[in-house]
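**Q** Coordinates only, no sequence provided:
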């Protein structure tokens, strides 16, 4: 089972418009959707309209909130700004299989790579990989 940790920008984008394509993440079967209070609050603080915040609240009811990572170090070859460190540390501490983020500037160099055991991907890449895996016929042994 995939355990997807959603970054604040993914939460923001999913809540921004009534029929956001990212809401597909919440409809996937066999997937646990995780985030932290830190990421959730960052998304909420950037949403300007009450309707957007209400959408975020509805989406949040289907999330598994994981504890903030109060300790831990990033791998020595990983450099992130202070605002992004809690995101990756929480994903690692929660045993996430994937960190789903649209943050190209800070996480882009890690897209498609495992960092601390977590595969960092933009949401579109994850959804495409998932659709390809579902469409692929299973081989009989």
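**A** Here it is on my side, so go on. Worth saying up front: this structure is predicted, and the values here are computed from it rather than measured.
**Q** for residue 42, helix, strand, or coil?
**A** Secondary structure, DSSP: H, G, I helix; E, B strand; the rest coil: residue 42 is helix.
**Q** To clarify, my last question referred to residue 53.
**A** On the three-state scheme (three-state DSSP), residue 53 is labelled helix.
**Q** Would you check that it makes contact with residue 45?
**A** No: contact criterion CB atoms under 8 Å: residue 53 and residue 45 do not qualify, at 9.6 Å. Quick note: C-beta positions are derived from backbone N, CA and C, even for glycine.
**Q** Which one's more surrounded, the two?
**A** Shown here are residue 53 and residue 45; by other CB atoms under 10 Å, residue 53 has more neighbours (15 against 10).
**Q** quick one: contacts of the longest helix seen in the chain?
**A** When the chain is scanned for its longest helix (criterion: DSSP state H), the result is helix 123-135. Here helix 123-135 makes contact (CB atoms under 8 Å, 6 or more residues apart in numbering) with 2, 4, 10, 13, 22, 24-25, 28, 98, 100-102, 111-112, 121.
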